[in-house]
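**Q** I need the structure of the sequence given here:
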Amino acid sequence: MRYNPGRYGGHPATAELTLIFGFGQPRDGMDIGISKRMKRMNRGVLCLAAGALVALIANPSVATAQPAGNDAAVAFDGAMILIPGGSFVMGDDQGDPNETPKAARVGAFLLMPVEVTNRRFAGFVAATGHRTDAERSGGGYVWDRTWRRIPGADWRHPNGIGTSIDGKSDHPVVQVSARDAAAFCSWLGLRLPSETEWEFAARGAEGGRYPWGMSPPGAQTERRANFGTVKCCAPDAADGYWRTAPVGEFSLGASPFGILDMAGNVWEWTSSRFPGRPRLVVLRGGGWGNDPYGLRAAYRHGNPPDIGLDMVGFRCAGDPKP
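**A** Sure thing, here's the model as predicted:
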């Protein structure tokens, strides 16, 4: 099942780019309409959160501020999911050294059910005139078994000059920096999630290794995520998509709170700085080029906040009104 597009709106380090692209395990490598599909999701995937305080906020004026200015046509009109506050064990004792398990707690917060799409980001750009860091710098990073900076790569041209997002309006926007992502969220009266919030939303209090539980996606008969080759790290079209997929495409991969695409598709910026590396911002979730190890809920990378990459996007969080 796919969400109806139209409303809503790290990466494996390389020898050359280790200081830029992360401190995880070195490895080689919605649009949301309040529609009939969303109503089916309310009865289906969201029932995974039975017993938890989970709500869809259909009226954004209750949950968020409207964008600044008078651009009502591109005002935020999507839904968000209320994640109840709770305690959990953050990390993975079978993961990287920086994933040492520790007790953590989060307060209640709101989170977009899927990643921000090209359509919604285009609305933001049209309303504000925002130019991304990749556009200003003249290029972004593209993954092809190693990270390469490609001139002309930006959110409209994810893999460089001659590429486009035609036909991909409901795919996650990429080639946006942490600063671009924060600007989009702020425009909606929202913010980026902290990495603690992100991990709790991905795995819940029970602490599965993946949003759907303990089993890696390759062990499932039906697809739960858009990810790469089982042997790291290259794109793989076995899930139906060579790189990005439409947001919300893999409903079987929902987290305990009904959040989709928390594993695979694209990495997601958070608001947190990487532990011990304050110049880097934490990314979570893995992407279309990662193996199952890289899709674990506890896996993290750190990148500079001013670069764009073709495997990195974001979603926004918010604070419930009293």
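
**Q** so where do the strands sit in the stretch 51-200 of the chain?
**A** 56-57, 80-83, 86-90, 102-106, 109-111, 139-143, 147-151 (DSSP state E, counting those that start in this stretch).

**Q** Quick one, which of these gets closest to Ala298.
**A** strand 86-90 (7.1 Å; C-beta to C-beta). Where you see a C-beta, it was placed from the backbone N, CA and C, and this is true even at glycine.

**Q** what does that closest one rub up against?
**A** For strand 86-90, the surrounding residues in contact (C-beta atoms under 8 Å, 6 or more residues apart in numbering) are 101-106, 196, 199-200, 203-207, 298.

**Q** List buried residues within the residues you listed.
**A** The neighbour-count criterion (16 or more other C-beta atoms under 10 Å) marks 104, 106, 196, 199-200, 203-204, 207, 298 among these as buried.

**Q** Can you give me the buried ones in stretch 166-186?
**A** 168-182, 184-185.

**Q** What's the end-to-end length of that stretch?
**A** End-to-end distance for stretch 166-186, by C-alpha to C-alpha, to the nearest Å: 27 Å.

**Q** Columns distance to Phe257 on top of the strands of the stretch 51-200 of the chain, output as a markdown table?
**A** Formatted as a markdown table, the strands of the stretch 51-200 of the chain follow (distance: least, C-beta to C-beta, whole Å):
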| stretch | distance to Phe257 |
| --- | --- |
| strand 56-57 | 11 |
| strand 80-83 | 5 |
| strand 86-90 | 10 |
| strand 102-106 | 12 |
| strand 109-111 | 8 |
| strand 139-143 | 29 |
| strand 147-151 | 32 |
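
**Q** which one of the ones you listed lies closest to Pro158?
**A** Across the strands of the stretch 51-200 of the chain, closest to Pro158 is strand 139-143 (C-beta to C-beta), at 7.6 Å.

**Q** picking up where we left off before, quick one: which two of the buried ones among the contacts of strand 86-90 are the most distant?
**A** Val106 and Ala298 (14.9 Å).

**Q** circling back to that earlier point, Throw the strands of the stretch 51-200 of the chain into CSV and include mean pLDDT and distance to Gly286, thanks.
**A** Compiled in CSV, the strands of the stretch 51-200 of the chain are given as follows (pLDDT from 0 to 100; distance: least, C-beta to C-beta, whole Å):
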stretch, mean pLDDT, distance to Gly286
strand 56-57, 34, 26
strand 80-83, 94, 20
strand 86-90, 93, 17
strand 102-106, 94, 20
strand 109-111, 96, 18
strand 139-143, 94, 12
strand 147-151, 94, 15
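
**Q** do you know which of those strands lies nearest Ile307?
**A** Among those, strand 139-143 sits nearest to Ile307 (C-beta to C-beta), with 6.3 Å.

**Q** any idea how far the residue nearest the centre of the chain lies from Ile161?
**A** When C-alpha atoms, centre = their mean is applied to the chain, the residue found nearest the centroid is Glu268 (3.6 Å). Separation of Glu268 from Ile161 (C-beta to C-beta, to the nearest Å): 26 Å.
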